[in-house]
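[1] just a sequence and a predicted model for now, questions to come.
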Amino acid sequence: MRKNVKLAIKYNNTSVNYDQCGICGCSMEADIPLGLFLCDTHDLVCHKCGKEHAPELVILLDYFNANIKELWSDYEKEGAK
Ligand SMILES: [Zn+2]
């Protein structure tokens, strides 16, 4: 079961901040600007299901979304060199 579920981090272009998880169907707050999706779809996946099927992606997603300002700032400094 676990091996059949493929998840992917993608840009979350939806204008809706709340959606239903594509796996368990729970109501969830969408992650912005990057979200966790079922691979090859735009069905959002909640963190609970994400941790079950792809914990590394959830950690990466949380880290990025929580530190986006610093990460962009570092990235822009690098680019200016
Ligand atoms: Zn779920």
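    Nice, thanks for sending it over. Numbers count the residues shown, from 1 in each chain.

[2] output the below-cut-off pLDDT ranges for the protein.
    Low-confidence segments of the chain, defined by pLDDT under 70: 1-3, 14-16, 80-81.

[3] can you give me the helices for it?
    All helices of the chain, identified by DSSP state H, fall at 47-53, 55-66, 68-80.

[4] among those helices, show me which one is buried the most.
    Highest mean neighbour count of these: helix 47-53, a mean of 18 (counted as mean count of other Cβ atoms under 10 Å). Any C-beta I mention is one placed from the backbone N, CA and C, and that applies to glycine too.

[5] can you put the helices of the chain in CSV and add distance to the ion?
    Compiled in CSV, the helices of the chain are given as follows (distance: least, Cβ to the ion, whole Å):
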stretch, distance to the ion
helix 47-53, 3
helix 55-66, 11
helix 68-80, 23
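
[6] closest to residue 6 out of the ones you listed?
    Counting by Cβ to Cβ, residue 6 lies closest to helix 47-53 out of the helices of the chain; the figure is 8.1 Å.

[7] determine the set of other helices and strands touching the closest one.
    Applying 3 or more Cβ pairs under 8 Å, 6 or more residues apart in numbering; DSSP states H and E, one finds that helix 47-53 contacts helix 55-66.

[8] quick one: contacts of the helix it packs on?
    7-9, 31-36, 47, 50-51, 71 (Cβ atoms under 8 Å, 6 or more residues apart in numbering).

[9] same question, stretch 23-34
    5, 9-12, 14, 16-21, 38, 44-49, 53, 61, 64-65, 68.

[10] try stretch 5-13
    Applying Cβ under 8 Å, 6+ apart, the external contacts of stretch 5-13 come out as 23, 30-40, 42, 44-45, 50, 53-54, 57, 60-61.

[11] so how far is it off the chain centroid?
    Mean C-alpha position of stretch 5-13 versus that of the full chain (Cα atoms, centre = their mean, to the nearest Å) differs by 6 Å.

[12] now do stretch 55-71
    Computed by Cα atoms, centre = their mean, the separation of stretch 55-71 from the middle of its chain amounts to 8 Å.
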